[in-house]
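sequence and predicted structure are below.
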Amino acid sequence: MALRLHDTRRREKVVFSTIEPGKVKMYVCGVTVYDFCHLGHARCYIAFDLIHRWLEYSGYDVLYIQNFTDIDDKIIKRSNESGIDWKKIVDDNIEAYYEDMDLLNILRADEYPRCTEYVEEMISITESLIDKEHAYVAKDGVYFSIASAPEKYGMLTGQNIDGVLGGAGGRVSESGKRDHKDFALWKSAKPGEPTWPSPWGDGRPGWHIECTAMSMDHLGEQFDIHGGGQDLLFPHHEAEIFQGECHTGCKPVVNHWLHNGFVNMDGEKMSKSLGNFWTIRDICEKIDPLVLRFALINAHYRSPIDMNEQLLHDAGRNHSRILTVYKQALENQCENPLPLPKGDVASGVPLIKSLGLMEKMAEALAKAMDDDFNSREAVAKVLGGVREIGKLLDSDLEVKDKSSFANFAVEWMEEYAGLVLGILPSRDEIMTEKVDPKRDEIRSEVEDLLKQRTEARANKDWPAADAIRDKLVALGVTVVDTADGPVWEL
RNA sequence: GCACGGAUGACAGAGCGGCUAUGUGCGGGACUGCAGAUCCUGAUACCCGAGUUCAAAUCUCGGUCCGUGCUCCA
């Protein structure tokens, strides 16, 4: 079964092909590190994490590069406003980035190059573009000349070169651009800004050139996948096509372009000006980061997601269902499992039928992921498997069969919900009680009440038992009666 | 204006020519003294119009409505 993906440039699903057999070279545009990451970043890097995981799961050797943009207008502005050195802002936010991504169970890329480490490379690409007459030196920097390669215009967005609004959104250009569509490769120094020396005087690189320099350095002149948010399509990625292809002569530099959809907030575009802006760390204080991850993979990566309370609530329910059943499976495991029979969907024997169904779910999951990384469909299959597992563990199967099945179920879940989707916490995390200082504070009181309640229940004094439950609820304690006695949690 | 993408049950969200998506929510039921969890089960769909087809959420054409980009943005 071949992996197919939606290629932005070709505007259709195409069979995935790699330049080198068995190897995938992938570059995803990283963040500009001037602030904490928000939900939009979470969605993007979770989407590409899923792609990363699936490619590796499929047997590819993946080289995944993601950059940090560590110099730009916003960083400079932030520094000027706060009086904090721009380098410190950048370092702090990179550290925060890693923390956030770890929370969301995002596997690390192989390298995280910073653009300021590639100034030399960017200068040399710019020189090459000038030599090839694709770029020109102006009074305030070096610009790429769109007119030098008009056939490359609109490769990703399909825009017509003449159709683009003149004057770039109404802004009066004071720059030395020959054409408003041209974009900067090098910006001459302005007072109070960090600068680097160049053949065109001190200054700093333009934004688009950095990704060309870094991807080329790590992945070569041609590579397999380039990803990013849909907002980068224009002008950033189109600029990369201009630069990369004109500089290297490769057509194309990027084999497959992938773009993820936006996150909206209650139907509106998420943006700082609207104030409807959630950072990853804000939201993770309120909910389990894996629930957020679940919510974000519970839609196809190219569709927009409307973030709201309801969505998180649903994600929480689904997620806890998966965890509950996983936990049950863990608890039912045994040391020396019996060999399981071969599954068969048509079988009348519950164990054999369930095993057959789970095999089918796994196949369907693989098929879904192979079809442009359809994580929503994959999630549905995991939930289907969860149902089968719950059913069997709930049934009156022989203990030994059940526990042997539990071993299989644990492996099944760890493979698909864990390895592939990344929504399963570690065994330790799930089996250990959450450490909450409040728990110890009220422990003796709660245990006392529970003892009374157990007594009342033994005497079948239900009103008294319920009254005690109410008291516990007032303390914020939930009691669940199990075969081994009451269990409580905050 | 130009470009790109959508419209599926109460909600979220897959499917994209014939076959139960899935989950939440709601209605029954099993198990439970109650509660919780788990399982079984029911109801509620495919924006409108025309066409193609033995067969259309699924393909074609025409509408309507809604997003997004064209400026820094994941």
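Noted; the coordinates are in hand. Remember, it's a predicted structure, so these values are computed and weren't measured experimentally. Residues are numbered from 1 along each chain as shown, chains lettered A, B, ... in the order given.

show me where pLDDT drops low in the stretch 351-490 of chain A?
Counting by pLDDT under 70, the stretch 351-490 of chain A has low-confidence residues at A:433-435.

got the residues of it near RNA strand B?
A:368, A:371, A:374, A:376-377, A:379-380, A:383-384, A:386-387, A:390-391, A:393-394, A:457, A:462-463, A:465-466, A:469, A:479-482 (C-beta under 7 Å from any atom of the strand). Glycine gets a C-beta too; all of them are placed from N, C-alpha and C.

what sits closest to A:Arg427 if chain neighbours are left out?
Sequence neighbours aside, A:Leu330 is the residue nearest to A:Arg427 in space, at 6.5 Å (criterion: C-beta to C-beta, 6 or more residues apart in numbering).

neighbours around that neighbour, how many?
17 (other C-beta atoms under 10 Å).

wait, a strand at it?
No: using DSSP: H, G, I helix; E, B strand; the rest coil, the assignment for A:Leu330 is helix, not a strand.

can you pull the contacts of it?
A:Ala406, A:Val410, A:Arg427, A:Ile430, A:Met431 (C-beta atoms under 8 Å, 6 or more residues apart in numbering).

kindly reformat these as JSON lines containing secondary structure, distance to A:Arg4 and neighbour count.
Converted to JSON lines, the contacts of A:Leu330 look like this (DSSP: H, G, I helix; E, B strand; the rest coil; distance: C-beta to C-beta, whole Å; neighbours: other C-beta atoms under 10 Å):
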{"residue": "A:Ala406", "secondary structure": "helix", "distance to A:Arg4": "36", "neighbour count": "21"}
{"residue": "A:Val410", "secondary structure": "helix", "distance to A:Arg4": "31", "neighbour count": "20"}
{"residue": "A:Arg427", "secondary structure": "helix", "distance to A:Arg4": "34", "neighbour count": "14"}
{"residue": "A:Ile430", "secondary structure": "helix", "distance to A:Arg4": "35", "neighbour count": "13"}
{"residue": "A:Met431", "secondary structure": "helix", "distance to A:Arg4": "39", "neighbour count": "11"}
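
for RNA strand B, give me its nearest residue in the stretch 301-450 of chain A.
A:Gly390 (2.7 Å; C-beta to the nearest atom of the strand).

same thing with the stretch 151-300 of chain A?
Counting by C-beta to the nearest atom of the strand, the stretch 151-300 of chain A gets nearest RNA strand B through A:Gly229, at 2.3 Å.

find me the pLDDT at the residue nearest to A:Arg427, would you?
pLDDT, A:Leu330: 94.

what residues does the stretch 151-300 of chain A put near RNA strand B?
Residues of the stretch 151-300 of chain A lying near RNA strand B (C-beta under 7 Å from any atom of the strand): A:154, A:157-160, A:163-165, A:168-169, A:171, A:183, A:207, A:228-236, A:260-264, A:268-271, A:298-300.

among those, which are located in helices?
Under the assignment DSSP state H, those contribute A:Trp207 to helices.

out of the residues of the stretch 151-300 of chain A next to RNA strand B, which end up buried?
Burial by neighbour count, 16 or more other C-beta atoms under 10 Å: within these this picks out A:154, A:164, A:183, A:207, A:228-230, A:232-236, A:260-264, A:270, A:298-300.

the closest residue to A:His218 other than its chain neighbours in helix, strand or coil?
Among residues not flanking A:His218 along the chain, A:Ile65 sits closest, at 4.6 Å (C-beta to C-beta, 6+ apart). Following three-state DSSP, A:Ile65 is assigned to strand.

hey, what's A:Ile65 bridged with?
Beta-bridge partners recorded for A:Ile65 (DSSP bridges): A:Tyr27, A:Glu111.

wait, A:Ile225 sits on A:Val253?
No: between A:Ile225 and A:Val253 there is no contact under C-beta atoms under 8 Å: 11.8 Å.

that'll do, ta.
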